[in-house]
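Peer 1: Pasting the sequence and the predicted model now:
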Amino acid sequence: MKNTIKVLILILFVSSILRLWNLSQVPVSLFGDELDVGYHAFSFIETGKDYSGNYFPANFQSLAEWRTPLFIYSTIPTVALFGITPLGVRLPAAVFGILGVLGMYLFVREFMTHSINKDNPKVIEVTALLSALFLGISPWHIQYSRAAFEVTMLIMFYLFGLYFFFKSFVKVKYFSVSLALLIATPLIYSTAKLFTLILLILLFLIWRKEIIALFFFNKDKNITHYKLNKGVKKYIVASCAVVLIMGSITTYATLFSGGTQRFGYISVFSDPTREPEVGVKREQAARFRGEMGIGLTPTFSDKLFYNKYTFWGQRILKNYFESFSGEFLFIKGDFNLRHSIEGIGQFYKVEAIALILGLIYFFGNKKERKNKLLIALWLVLGVIPSAITREGGRHATRLIVILPPMIFLISYGLVYFVTTLNRNTKIVFTSFYATLLTINFIFYQQNYWTQNPWYSERWWHAGYKEAIQSVKELESNYNEVLITMASEPAWTFFAAYMNYDPVRWQNVKPDSNWIDDPRYGRITMIDKYYFTSPQGQLYDWGKNLEKGVLVLSSEKEVGINLIKEPDRTPGDLTLIKSITYPSGLPAFYLFEKK
């Protein structure tokens, strides 16, 4: 036991280093959603409201959507201590990531102790420790632990919720704790709104006898005749209270406080490409039959094969199977370089071997049907919430709920395969696999720290901090400041990096108050800050601008690398400053009229 604790502490130490080291510099910048979290926390600290003016919100109202609340609330202490900085915003995610590694160990140990090979504690401990190690060094988990993503909190809640669920079979007092953790997950991340319901149903259906036996004893060994166990009334009350209170909060937040708004935006059922794509398919079918002209009338067959239902079905099936593809899991990962890094899958390539072994040994075992049901259905049903969203087949954030069962299978497969080998073969295989895993890990780390910051700089919205800080330094010299909207909606970057007064922001709400300005067209504004872009091309800006106006423009608008070619700056403009990406390429420019 002492050795187990020492190994676990070492795993947690390594996991902490991987998540905390240089957290303020890598990733290279706070991207828009992270700043959104930070400014919400800052606004709540100052006013007790989110930055849209909602008091103690059940969901936080952001620019284009409502955000689940628990992660934002968790950042309030760190933002109070460190401000809207990488450390202030990202530290909670890193801590939840570290606790998730501990939760992985506890869950696997308890999961196996109550059902799988319970008479072999050494195998259980090794599998649990390996599961913690593999989660600790997982590219998928590290990526989300080093940015202000909600999902490391989500995974931690799931793992501890399941740990206490199985723990309650021995001590009933843990049952209400398990319920509280699991029912709270929809308040952490939107995917949990559907998956948690699935998981709770699975747990009850698979272990219904054990759950009933927590509070009742079987009088005549007949499942239909139970009597209340003495001394458990308080735990029944506690469990009912948890379901009532947490269930009410979650239901209200989901149904009546903007909780369904985001799904309406990202689901395949609201995909705006459906109608034109179905129309194209029907037109193609008519052309294949030799019909000519325009305004073709689709036949019954066209309507049968090409309609919104077949469109939705094809998209969902494509997403579903893509989630289990080797390209996503082991080769390329998510295309979004905030979710994965260039050239690295969600798992190390060598883990594919262990995953295959896990599938063979775990599901090939004729015993422990209940545990196999949970892991199998967790995997099969866990991808559904992502599959019904646009681009959900390779969306690592929405798919992360399947990470724990896959880590478990990888660990299980290695341990049980090694137990079948003789001593010498065991040493050779273990050394060979450990070497390959170490090589994979080293290459991943080298890529993450040296290449990835440049590859992903635009994805992380690098340059905005320096641009807004430059505006802050110079704005007192100008009557008006134009802030570009060409790259991203600039409101959050401005508010967060300016530490703009939340009371003023809540009252004006510049992100929703659009006006028509005769000089700049359709704009939003707060005080002397105009969120817009100069009219026309770069060489027209000087004709339309007045003196005393500071212009923050993006490199997309300028279209010229004025760092390399400063002489191409229009004669009627003064280039005050160039802001670069970490790679040295231009990101933003500051201009004024000569």
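Peer 2: Cool, got the structure.
Peer 1: CA only for contacts and neighbour counts going forward, please
Peer 2: OK.
Peer 1: Spatially nearest residue to T492 (excluding sequence neighbours)?
Peer 2: D36 (6.0 Å; CA to CA, 6 or more residues apart in numbering).
Peer 1: Show me what the helix or strand hosting R19 is packed up against.
Peer 2: If you go by DSSP states H and E, R19 is part of helix 2-20. Where contact means 3 or more CA pairs under 8 Å, 6 or more residues apart in numbering; DSSP states H and E, helix 2-20 is packed against helix 86-113, helix 121-136, helix 139-145.
Peer 1: Name the next helix or strand downstream of that helix, please.
Peer 2: Downstream of helix 2-20 (by DSSP H and E), the next one is helix 32-47.
Peer 1: what about that following helix, distance to the chain center?
Peer 2: With CA atoms, centre = their mean, to the nearest Å as the basis, helix 32-47 stands 18 Å off its chain's centre.
Peer 1: who touches that helix?
Peer 2: With CA atoms under 8 Å, 6 or more residues apart in numbering as the test, helix 32-47 has contacts from 49-51, 56, 60, 62, 72-73, 75-76, 79-80, 83-85, 88-90, 147-149, 460-461, 492-493, 495-496, 499, 502-503.
Peer 1: Now list the buried members of those.
Peer 2: 49-51, 60, 62, 72-73, 75-76, 79, 83-85, 88-90, 147-149, 460-461, 492-493, 495-496, 502-503 (16 or more other CA atoms under 10 Å).
Peer 1: Just the ones of those in helices?
Peer 2: Those of the buried ones among the contacts of helix 32-47 mapping onto helices are 72-73, 75-76, 79, 88-90, 492-493, 495-496, 502-503, per DSSP state H.
Peer 1: Is it possible to get CSV of those that adds pLDDT and distance to L194?
Peer 2: Listed next are these as CSV, based on pLDDT from 0 to 100; distance: CA to CA, whole Å:
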residue, pLDDT, distance to L194
I72, 98, 21
Y73, 98, 22
T75, 98, 25
I76, 98, 27
V79, 98, 30
G88, 98, 30
V89, 98, 27
R90, 98, 26
T492, 96, 29
F493, 97, 32
A495, 97, 33
A496, 97, 32
P502, 97, 34
V503, 96, 36
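Peer 1: Rebuild these as TSV, extending it with distance to E592.
Peer 2: Converted to TSV, these look like this (distance: CA to CA, whole Å):
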residue	distance to E592
I72	38
Y73	41
T75	38
I76	38
V79	35
G88	34
V89	34
R90	36
T492	24
F493	21
A495	22
A496	24
P502	29
V503	30
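Peer 1: Quick check: the two most widely separated of the residues you listed?
Peer 2: R90 and V503 (24.6 Å; CA to CA).
Peer 1: And stretch 301-315, what's buried?
Peer 2: In stretch 301-315, counting by 16+ other CA under 10 Å, buried: 302, 306-308, 311-312, 315.
Peer 1: how close does S267 sit to A213?
Peer 2: 40 Å (CA to CA, to the nearest Å).
Peer 1: ok, K547 touching K593?
Peer 2: Yes - counting by CA atoms under 8 Å, K547 touches K593, with 5.6 Å between them.
Peer 1: For those two, indicate the residue with more neighbours.
Peer 2: K593 (20 against 12; other CA atoms under 10 Å).
Peer 1: List the contacts of that one.
Peer 2: Residues near K593 by CA under 8 Å, 6+ apart: 542, 545-549, 572-574.
Peer 1: what are the phi and psi values for it?
Peer 2: phi -80, psi 140 (degrees, to the nearest 10).
Peer 1: That one and D517, how far apart?
Peer 2: From K593 to D517 the distance is 19 Å (CA to CA).
Peer 1: and what of Y320?
Peer 2: Going from Y320 to D517 by CA to CA gives 47 Å.
Peer 1: wouldn't L194 be in contact with P385 here?
Peer 2: Yes - applying CA under 8 Å, one finds L194 in contact with P385, separated by 6.4 Å.
Peer 1: Could you give the number of residues near S178?
Peer 2: S178 has 24 nearby residues by other CA under 10 Å.
Peer 1: Am I right that it falls within a helix?
Peer 2: Yes - S178: assigned to a helix according to DSSP: H, G, I helix; E, B strand; the rest coil.
Peer 1: List the contacts of it.
Peer 2: Contacts of S178 (CA under 8 Å, 6+ apart): 160-165.
Peer 1: now swap in S456 and tell me
Peer 2: Contacts of S456 by CA under 8 Å, 6+ apart are 337-338, 341.
Peer 1: Highest neighbour count among those residues?
Peer 2: Going by other CA under 10 Å, I341 tops those with 25 neighbours.
Peer 1: how near is the residue nearest to L129 when sequence neighbours are not counted to V401?
Peer 2: Spatial nearest neighbour of L129, excluding adjacent residues (CA to CA, 6+ apart): Y105 at 5.9 Å. Distance, Y105 to V401, by CA to CA: 17 Å.
Peer 1: Can you check the pLDDT for the residue nearest in space to the middle of the chain?
Peer 2: With distances taken as CA atoms, centre = their mean, T397 lies nearest the centre of the chain, 3.6 Å away. Reported pLDDT at T397 in the predicted model: 96.
Peer 1: Next: H141.
Peer 2: 98.
Peer 1: thinking again about what came up before, output the contacts of K593 in a markdown table, with secondary structure and distance to V242 appended to each entry.
Peer 2: Shown next, in a markdown table, are the contacts of K593 (DSSP: H, G, I helix; E, B strand; the rest coil; distance: CA to CA, whole Å):
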| residue | secondary structure | distance to V242 |
| --- | --- | --- |
| G542 | helix | 64 |
| L545 | coil | 61 |
| E546 | coil | 62 |
| K547 | coil | 63 |
| G548 | coil | 60 |
| V549 | strand | 57 |
| D572 | coil | 67 |
| L573 | strand | 64 |
| T574 | strand | 63 |
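Peer 1: out of the residues you listed, which are buried?
Peer 2: Using 16+ other CA under 10 Å, the buried ones in these are 542, 545, 549, 573.
Peer 1: Tell me which stretches of the stretch 451-594 of the chain form helices.
Peer 2: Along the stretch 451-594 of the chain, the stretches classed as helices by DSSP state H, counting those that start in this stretch are 452-455, 464-474, 491-498, 502-508, 538-544, 555-558.
Peer 1: what residue ranges in this protein score low on pLDDT?
Peer 2: Low-confidence segments of the chain (pLDDT under 70): 1, 115-119, 216-231, 233, 257-264, 295-296.
Peer 1: and W66, backbone torsions?
Peer 2: Torsion angles, degrees, to the nearest 10, at W66: phi -100, psi 140.
Peer 1: same question, the one 3 residues further on
Peer 2: Backbone torsions of P69, given as degrees, to the nearest 10, read phi -90, psi -30.
Peer 1: got the contact list for L381?
Peer 2: Contacts of L381 by CA under 8 Å, 6+ apart are 195, 198.
Peer 1: Okay, and it sits in which element?
Peer 2: helix 369-382.
Peer 1: Would you mind writing the CA trace of that helix as PDB?
Peer 2: This file holds the C-alpha atoms of helix 369-382, laid out as PDB (Å, rounded to 0.1, in the frame of the first residue of the first chain):
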ATOM      1  CA  ARG A 369     -21.400  -8.600 -17.700                       C
ATOM      2  CA  LYS A 370     -22.400  -5.400 -15.800                       C
ATOM      3  CA  ASN A 371     -19.000  -3.800 -16.100                       C
ATOM      4  CA  LYS A 372     -18.700  -4.700 -19.700                       C
ATOM      5  CA  LEU A 373     -22.200  -3.200 -20.300                       C
ATOM      6  CA  LEU A 374     -21.200   0.100 -18.700                       C
ATOM      7  CA  ILE A 375     -17.900   0.500 -20.600                       C
ATOM      8  CA  ALA A 376     -19.400  -0.600 -23.900                       C
ATOM      9  CA  LEU A 377     -22.500   1.600 -23.600                       C
ATOM     10  CA  TRP A 378     -20.400   4.500 -22.300                       C
ATOM     11  CA  LEU A 379     -18.300   4.300 -25.500                       C
ATOM     12  CA  VAL A 380     -21.200   3.600 -27.900                       C
ATOM     13  CA  LEU A 381     -23.600   6.200 -26.500                       C
ATOM     14  CA  GLY A 382     -21.000   8.700 -25.300                       C
END
